[in-house]
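Peer 1: Next input, structure requested:
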Amino acid sequence: ELDATVTVNFEQLPNGYKDRLVNFAQEVQTYLNSNSYTGNEWQGNKIKCNFDIFFTSASQGTQYSAQVVVTSQRDIYRSADRSLMLKIQDPTWSFRYVKGQSMYFNQTAFDPLLSFLDYYAYLIIGLDMDSYGPLAGTPMFNKAMQLTILGANSKYPKGWQVQSSNYNKSVLVENLTDARYQQFRKDFFNYHYNGIDLFKSNKKLAQKNIAKLINDVYNMRNKIDPTSVLLKIFFDAKAKEIVKYLKGYPDKSIFKMLKIINPSHTTIYNRADRKSVV
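Peer 2: Now for the predicted structure:
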């Protein structure tokens with residue numbers, strides 16, 4: 001399902017550890033691109049994604065800590081452009097790695113190295129599936145949820161346990177599987193399949209469907225957490241895209257709604273709001 005590109009930065013580590021990690025990026029990339037995460041023959045193009053790994057510390061010869069930036073993109077129908085689906089900076093990844101070790105896909109056992117990769121593979125694939133069918137990514141999100149449970153109860157619980165922070169793996173999949181966010185996920189499908197995919201052939205209808213997501217989040221803001229990890233992840237990826245596709249949209253109040261439901265990107269919405277008034 002994946003067409004992953006993996007990059008590694010280990011400049012912060014001692015030279016001895018750099019030597020041990022010389023093949024790490026290629027091994028991880030091969031692992032991600034070789035596995036079948038859905039268990040079915042994948043329809044359509046493979047999902048382009050990037051894992052940018054920044055090693056922060058190493059100890060005992062085999063123990064590592066890293067921060068990772070994960071991004072993924074989706075093809076837009078009849079367009080050379082792609083839509084940014086995911087942009088996450090995960091600050092917490094601790095694992096054991098031995099140079100040249102085998103990497104085997106195992107969905108039932110937790111491994112601090114491989115389960116981290118599997119979690120994001122499930123997330124990337126689930127979001128892609130959600131954009132082509134209402135709630136279609138649920139099986140992938142359920143698999144990711146199982147990994148967070150296993151991780152939280154493992155010897156490497158940091159980063160897997162539920163905690164208050166700008167980003168948390170467990171809370172994100174809890175949001176994705178929470179009934180309160182089902183309407184958002186349906187709107188997420190509509191945003192892509194009947195919005196940006198439709199934009200070139202029917203701009204008016206496409207903008208209406210993109211705006212529906214914003215209106216629904218605004219109207220549901222007292223029932224859901226507007227500062228939820230799920231909404232943060234969505235708007236981090238989509239803020240600039242939303243403004244691009246809503247250029248010229250007749251209902252100018254849409255930008256005021258955006259500033260209320262997503263204040264962290266107010267600067268982007270202010271710029272668009274000013275242009276819409278001129």
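
Peer 1: show me the contacts for the residue lying closest to N35 once chain neighbours are set aside.
Peer 2: Nearest residue to N35, sequence neighbours excluded (Cβ to Cβ, 6 or more residues apart in numbering): F105, at 4.6 Å. To be clear about C-beta, it is placed using only N, CA and C from the backbone, and glycine gets the same treatment. With contacts defined as Cβ atoms under 8 Å, 6 or more residues apart in numbering, F105 is in contact with 31, 35, 114, 118.

Peer 1: Check F105 and give its pLDDT.
Peer 2: Here, the pLDDT recorded for F105 equals 94.

Peer 1: Could you do L21 as well?
Peer 2: For L21, the predicted pLDDT is 95.

Peer 1: didn't it look like it was pressed against V8?
Peer 2: Yes: between L21 and V8 there is a contact at 6.6 Å, judged by Cβ atoms under 8 Å.

Peer 1: Please enumerate the shared neighbours of the two.
Peer 2: With Cβ under 8 Å, 6+ apart as the test, L21 and V8 both reach F55.

Peer 1: Please identify the buried residues of the helix or strand of the chain with the lowest mean pLDDT?
Peer 2: One helix or strand of the chain scores below all others by mean pLDDT, DSSP states H and E: helix 266-277, with a mean of 80. Within helix 266-277, the residues scored as buried using 16 or more other Cβ atoms under 10 Å are 268-269, 272-273, 276.

Peer 1: With stretch 169-182 instead?
Peer 2: 169-176, 178, 181.

Peer 1: Secondary structure, pLDDT and distance to K244 added to these, as a markdown table?
Peer 2: Converted to a markdown table, the buried residues of stretch 169-182 look like this (DSSP: H, G, I helix; E, B strand; the rest coil; pLDDT from 0 to 100; distance: Cβ to Cβ, whole Å):
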| residue | secondary structure | pLDDT | distance to K244 |
| --- | --- | --- | --- |
| K169 | helix | 95 | 29 |
| S170 | helix | 94 | 32 |
| V171 | helix | 93 | 29 |
| L172 | helix | 95 | 25 |
| V173 | helix | 96 | 29 |
| E174 | helix | 95 | 31 |
| N175 | helix | 95 | 26 |
| L176 | helix | 97 | 25 |
| D178 | coil | 95 | 29 |
| Y181 | helix | 96 | 25 |
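
Peer 1: which secondary structure element contains I210?
Peer 2: Using DSSP states H and E, I210 sits within helix 203-219.

Peer 1: CA atoms only: put that helix into CSV for me.
Peer 2: Only the C-alpha atoms of helix 203-219 are listed here, as CSV (Å, rounded to 0.1, in the frame of the first residue of the first chain):
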residue,chain,number,x,y,z
LYS,A,203,-16.0,24.3,-8.5
LYS,A,204,-19.3,25.5,-6.9
LEU,A,205,-20.3,22.1,-5.6
ALA,A,206,-16.7,21.3,-4.6
GLN,A,207,-16.5,24.5,-2.5
LYS,A,208,-19.9,23.7,-0.9
ASN,A,209,-18.7,20.3,0.2
ILE,A,210,-15.4,21.7,1.5
ALA,A,211,-17.3,24.3,3.5
LYS,A,212,-19.7,21.7,4.9
LEU,A,213,-16.8,20.2,6.9
ILE,A,214,-16.0,23.6,8.4
ASN,A,215,-19.7,24.4,9.1
ASP,A,216,-20.2,21.0,10.8
VAL,A,217,-17.1,21.3,13.0
TYR,A,218,-18.2,24.9,14.0
ASN,A,219,-21.8,23.7,14.8
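
Peer 1: Looking at the buried residues of stretch 169-182, spot the one nearest N219.
Peer 2: Comparing these against N219 with Cβ to Cβ places Y181 closest, at 14.0 Å.

Peer 1: Surely that closest one and E174 touch.
Peer 2: No: applying Cβ under 8 Å as the test, Y181 and E174 come out as separate, 9.4 Å apart.
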